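J.: Dropping the sequence and predicted coords here.
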Number of protein chains: 2
Amino acid sequence: MERQTRQRKAIRGALHQAGRPLSPTEIHALSRTRSRGLGMATVYRSIRLMVESGELVAVELPGEPPRYEAAGKHHHHHFHCRSCRRVYEVEGCPDDIDSLVPTGFSLEDHEVVLYGRCAACRR
Amino acid sequence: MERQTRQRKAIRGALHQAGRPLSPTEIHALSRTRSRGLGMATVYRSIRLMVESGELVAVELPGEPPRYEAAGKHHHHHFHCRSCRRVYEVEGCPDDIDSLVPTGFSLEDHEVVLYGRCAACRR
DNA sequence: GTCGTTGCAAAGCGTTTGCAGCCTA
DNA sequence: TAGGCTGCAAACGCTTTGCAACGAC
């Protein structure tokens, strides 16, 4: 069972306050102000436990370090702005994904990443 | 100007024969049979040069080490086998990608990754 | 002969693990 | 008090770099 330690409260607090997916390094930097002396190993161990328990989900984009966010969101994809590097959630899903699967292969899951410029950066 | 060495011929040969994106480790293993004593550093250096010269393109999948394939292919996506971890090329492309883009955003590119089991692993 | 290229080993870098002491329940 | 949790440092796996020898042109 998981214990409610000062360090884990700091990590949860940082993730909640940021409101966007954070990398382990970002989590460490932000949590450090809430729990002095917090070690990197603890950050990694906490992330791993929270992902395994379903509290967090990993957001992995091609060529990017993994980020983590609160779990429980609906099926969605991501839009990666090439200007500000921010990641946005995208509603919906292509409905003809199945037609791409080669003969003999079985499809279990899929990921779609859109690249371009977000509304804020287009101005 | 690039020189035509035994090692680079081996790497090109391995990539061509495989016909699918290869990781640096895979390239090393396959090229070693063509050029005894080939070092890992040479593989990385060659890959870097070939990508910079436009001969190869990187295939970066979420949470995976980068793989490389010959450049100049027509538009395609990838299938990632969860059993053998190999990556295959997939023909075609969802035709309603545009409908996912949020209002005000401009779409420049996209990536689709399919996950499941390949024909070889299903047997 | 030049100088780009190679193999080896060492160095980086981000992540994981071993361990003794700490602290939550 | 028990045993999960933590910080530190060492270990790891993958990639890059330094360097002297090698070899394509």
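T.: Yep, it's here.
J.: Contacts (any at all) between chain B and the helix or strand of chain A with the lowest mean pLDDT?
T.: Using mean pLDDT, DSSP states H and E, strand A:87-90 stands out as the lowest-scoring helix or strand of chain A, at a mean of 82. Yes. Using Cβ under 8 Å from any Cβ of the partner chain, we find that strand A:87-90 touches chain B at A:88, A:90. C-beta coordinates here come from the backbone N, C-alpha and C atoms, glycine included.
J.: following that strand, which helix or strand comes up?
T.: Per DSSP states H and E, the first helix or strand lying C-terminal to strand A:87-90 is strand A:106-117.
J.: list the helices and strands that next one packs on?
T.: strand A:77-81, strand B:106-117 (3 or more Cβ pairs under 8 Å, 6 or more residues apart in numbering or on different chains; DSSP states H and E).
J.: could you dump those strands to TSV with mean neighbour count and distance to A:Leu30?
T.: Shown next, in TSV, are the helices and strands packed on strand A:106-117 (neighbours: other Cβ atoms under 10 Å in any protein chain shown; distance: least, Cβ to Cβ, whole Å):
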stretch	mean neighbour count	distance to A:Leu30
strand A:77-81	20	22
strand B:106-117	17	29
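J.: quick one, which of these is nearest to DNA strand D?
T.: Checking those against DNA strand D by Cβ to the nearest atom of the strand gives strand B:106-117 as the closest, at 17.9 Å.
J.: Following the chain onward from that closest one, which element is next?
T.: Counting by DSSP H and E, the next helix or strand C-terminal to strand B:106-117 is helix B:119-122.
J.: Show me the contact partners of that next one.
T.: Residues outside helix B:119-122 that contact it (Cβ atoms under 8 Å, 6 or more residues apart in numbering or on different chains): A:102-106, B:81, B:83-84.
J.: Distance from it to the middle of the chain?
T.: How far helix B:119-122 lies from its chain's middle: 20 Å, per Cα atoms, centre = their mean, to the nearest Å.
J.: average pLDDT across that helix?
T.: Averaged across helix B:119-122, the pLDDT comes to 92.
J.: Check stretch A:15-27 too.
T.: Here stretch A:15-27 scores 90 as its mean pLDDT.
J.: from the contacts of helix B:119-122, which is closest to B:Leu30?
T.: The closest of these to B:Leu30 turns out to be B:Cys84 (Cβ to Cβ; 15.3 Å).
J.: I figured the closest one was touching B:Cys118, is that so?
T.: Yes. Using Cβ atoms under 8 Å, B:Cys84 is in contact with B:Cys118, at 6.7 Å.
J.: between these two, who's got more neighbours?
T.: Under the criterion of other Cβ atoms under 10 Å in any protein chain shown, the comparison of B:Cys84 against B:Cys118 puts B:Cys118 first, with 21 against 11.
J.: so does stretch A:67-76 get close to DNA strand C?
T.: No. Stretch A:67-76 does not reach DNA strand C (Cβ under 7 Å from any atom of the strand); its nearest approach is 9.7 Å.
J.: how far does that stretch sit from the chain's center?
T.: 7 Å.
J.: anything in that stretch near chain B?
T.: No. Taking Cβ under 8 Å from any Cβ as the criterion, stretch A:67-76 and chain B are apart, separated by no less than 9.7 Å.
J.: contact partners of that stretch?
T.: Residues contacting stretch A:67-76 (Cβ under 8 Å, 6+ apart): A:15-16, A:20-24, A:26-27, A:47, A:50-51, A:54-61, A:87, A:89-91, A:93.
J.: Which positions in chain A make contact with DNA strand C?
T.: A:3-6, A:23-25, A:40-41, A:44-45, A:48, A:65-66.
J.: The same query, at a cut-off of 10 Å, please.
T.: For chain A, the residues in contact with DNA strand C (Cβ under 10 Å from any atom of the strand) are A:1-9, A:23-28, A:37, A:39-45, A:47-48, A:51, A:65-67.
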